[in-house]
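*Asks:* Sequence plus predicted model, see below.
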Amino acid sequence: MHFIIFKVNLDKNNIPKHVAIIMDGNGRWAKRQGKPRVYGHKKGVDSVKKAVEYAGEVGIEYLTLYAFSTENWNRPQEEVNALMQLLVSTLNAQIESLNENNVKLHTIGDIGSLPEDCIRELNEAKQTTANNTGLNLVLALSYSAKWEIIEAVKQIAKEVKDDQLTIDEINDTVISNHLSTKGIPDPELLIRTSGEMRISNFLLWQLAYSELYFTPKLWPEFDKADFEQALIDYQNRERRFGMISEQINK
Ligand code: FPP
């Protein structure tokens, strides 16, 4: 007889090092309340705080949040401005708390394309938290995976042209080291809220072997219990990396 044992509690010894989240559904959540979309983004910030806290509590080393995509620039100017303002005010209000909680802030994406006050606030937060040794919080801002891969290809091509690298030397590691996530392990788990089942141009290279978890909860509703549920679901998966079950369970 073969029993499948489904774990219902979190195993503290099998916490993923890196969790990436596509925070989706702020607009729909606001609409349901009869409120403007920006209200949903504001509520979304509370979920960001909870997720950061929870990640620190369970010992996740890297938490990457998709806060603004390259494609998001195409939203109505009013919403783009509101999101940028929200980023500035949230960083400003949270710098101390991030520091007290030993969180180190990183960014990935085309940061130079953000408004100046955003860049300034981000730089300050990164500097202030640079020596922290707890959770690494990675904000993806003006980020898209295709943009990142194009940038990497350009850089690699330049190094080949300048005789710093040969074509045969280009491998998995060389490509990883030219991405904005250089030095960060690939995420074991990707969470997307709001029921959409897409990757939406997020971490295409880094998600090659990640477990994908989709929840119908909208981002402003996503709390610590939902995060824990995602981790438990991850812990019940068998990660085979192309091998067969018997090779994994030796
Ligand atoms: C997706 O919901 C969410 C965003 C595009 C922005 C996420 C930003 C925040 C939660 C706030 C700022 C972040 C930080 C890190 C301070 P949506 O607008 O696509 O919702 P919809 O699909 O229902 O329209």
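*Replies:* Yep, it's here.

*Asks:* shaky segments in the protein?
*Replies:* Within the chain, the ranges that satisfy pLDDT under 70 run 1-4, 250.

*Asks:* Around the ligand, pick out the residues from it.
*Replies:* Residues of the chain that fall close to the ligand, judged by C-beta under 6 Å from any ligand atom: 23-28, 41, 44-45, 48, 65, 67, 72, 83, 86-87, 90, 139, 194, 219. For the C-beta atoms, the positions are set from N, CA and C on the backbone; glycine is no exception.

*Asks:* Among the residues you listed, name the ones in helices.
*Replies:* Mapping the residues of the chain next to the ligand onto helices (DSSP state H) picks out 26-28, 41, 44-45, 48, 83, 86-87, 90.

*Asks:* Pull out the buried members of the residues of the chain next to the ligand.
*Replies:* Buried residues within the residues of the chain next to the ligand, counting neighbours by 16 or more other C-beta atoms under 10 Å: 23-27, 41, 44-45, 48, 65, 67, 72, 83, 86-87, 90, 139, 194, 219.

*Asks:* In PDB, list the C-alpha atoms belonging to the helix or strand where Q229 lies.
*Replies:* Q229 is part of helix 224-235, with elements assigned from DSSP states H and E. Provided in PDB are the C-alpha atoms of helix 224-235 (Å, rounded to 0.1, in the frame of the first residue of the first chain):
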ATOM      1  CA  LYS A 224       0.600  35.900   6.800                       C
ATOM      2  CA  ALA A 225      -1.700  32.900   6.900                       C
ATOM      3  CA  ASP A 226      -1.900  33.000   3.000                       C
ATOM      4  CA  PHE A 227       1.900  33.300   2.800                       C
ATOM      5  CA  GLU A 228       2.200  30.300   5.200                       C
ATOM      6  CA  GLN A 229      -0.200  28.300   3.100                       C
ATOM      7  CA  ALA A 230       1.900  29.000   0.000                       C
ATOM      8  CA  LEU A 231       5.000  27.700   1.800                       C
ATOM      9  CA  ILE A 232       3.200  24.600   3.000                       C
ATOM     10  CA  ASP A 233       2.000  23.900  -0.500                       C
ATOM     11  CA  TYR A 234       5.600  24.300  -1.700                       C
ATOM     12  CA  GLN A 235       6.800  21.900   0.900                       C
END
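
*Asks:* which residues sit in contact with N201?
*Replies:* Shown in contact with N201 (C-beta atoms under 8 Å, 6 or more residues apart in numbering): 69-71, 144-146.

*Asks:* got the phi/psi numbers for the nearest residue to it once chain neighbours are set aside?
*Replies:* Distances taken as C-beta to C-beta, 6 or more residues apart in numbering place S144 nearest to N201, at 4.3 Å, with adjacent residues excluded. Dihedral pair for S144: phi -150, psi 150, per degrees, to the nearest 10.

*Asks:* Which residue, other than its chain neighbours, is closest to the one residue in the chain that gets nearest to the ligand?
*Replies:* The minimum distance from the chain to the ligand, using C-beta to the nearest ligand atom, falls at G27 (2.5 Å). Once flanking residues are discounted, G27 sits nearest to R37: 4.3 Å by C-beta to C-beta, 6+ apart.

*Asks:* just Q155 next, same as before
*Replies:* According to C-beta to C-beta, 6+ apart, the nearest residue to Q155 is H178 (5.2 Å).

*Asks:* isn't the residue of the chain closest to the ligand right next to K42, touching?
*Replies:* No: using C-beta atoms under 8 Å as the test, G27 is too far from K42 to be in contact (12.0 Å).
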